[in-house]
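Engineer: no sequence for this one, just the structure:
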Ligand SMILES: O=C[C@H](O)COP(=O)(O)O
């Protein structure tokens, strides 16, 4: 954690969730304050089809609803795509952009990710910009260089702590049960903070939340959240069950 930064515990449901899951979401919303206390923010990024009902379900709780992707434009002939303004209209407060699954499955480039982040700002929402190295890049010793490149390409100039969250997700740690060591996470997050200072200025960079994502579970959350410059988590699999997500939120309180 970083002193003075309010942590964010974020869930990403990915392509999971129908109306049958709203009870789980309600349990997350209702249990968050008790788990995390008043000192952390929460969000669950649901499939777009569930967003309006998720926002309704979470209303009055400390947990926000979020989207998982958006188109860079506000409207137009883009069949199947969704504008950030549409996510806002459904009650989203946050939108993930540049998740490695979007970069891999849809060939999204840093330039496109930056355009999407700006679209999120345009809609008045908070962008969660994802970066992270692949296994091959880590093994080649390129992790920090990859992070530098992705920050330069994916984080638009003008990003502030009020508009943007960074999520460091080593691709090889996502859904695998593998995590980097605490030292490796510390090195990556310190590097990200430094690179952000160069890109958006010291004041903005020092206030910006940098989340760790990749196989965060109740059993490792406390250790990961204790790492310097880790200001919360982006959680996939363990966000699907209220008990697991709330247990991770509770770990943030203990750090
Ligand atoms: O967005 C979330 C991440 O991809 C992490 O997923 P995971 O917690 O299932 O490894």
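Structural biologist: That came through fine. Since we're looking at a predicted model, the values are computed, not measured.
Engineer: CA atoms for contacts and neighbours, from now on please.
Structural biologist: Will do.
Engineer: okay, now residue 174: neighbour count?
Structural biologist: Residue 174: 19 surrounding residues under other C-alpha atoms under 10 Å.
Engineer: quick one: it and residue 217 touch, right?
Structural biologist: No: using C-alpha atoms under 8 Å, residue 174 is not in contact with residue 217; the gap is 11.5 Å.
Engineer: the helices in the stretch 1-150 of the chain, which residues?
Structural biologist: 22-36, 51-58, 84-89, 100-105, 110-122, 135-139, 143-154 (DSSP state H, counting those that start in this stretch).
Engineer: got those as TSV, with mean pLDDT columns?
Structural biologist: Shown next, in TSV, are these (pLDDT from 0 to 100):
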stretch	mean pLDDT
helix 22-36	97
helix 51-58	98
helix 84-89	98
helix 100-105	98
helix 110-122	98
helix 135-139	97
helix 143-154	98
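Engineer: out of those, which gets nearest to the ligand?
Structural biologist: helix 100-105 (7.4 Å; C-alpha to the nearest ligand atom).
Engineer: distance of the residue lying farthest from the centre of the chain relative to residue 68?
Structural biologist: What lies farthest from the middle of the chain is residue 77; by C-alpha atoms, centre = their mean that is 28.3 Å. Noted for residue 77: a distance of 21 Å to residue 68, by C-alpha to C-alpha, to the nearest Å.
Engineer: check residue 60 too.
Structural biologist: The value you get for residue 60 to residue 68, if C-alpha to C-alpha is used, is 22 Å.
Engineer: settle it for me: which of the two has more neighbours?
Structural biologist: residue 68 (23 against 11).
Engineer: ok, that one - contacts?
Structural biologist: Contacts for residue 68 were tallied using C-alpha atoms under 8 Å, 6 or more residues apart in numbering; they are 12, 14, 45, 46, 47, 48, 95, 96, 97.
Engineer: which one of the residues you listed is nearest the ligand?
Structural biologist: The closest of the contacts of residue 68, once distances to the ligand are taken by C-alpha to the nearest ligand atom, is residue 12, at 4.9 Å.
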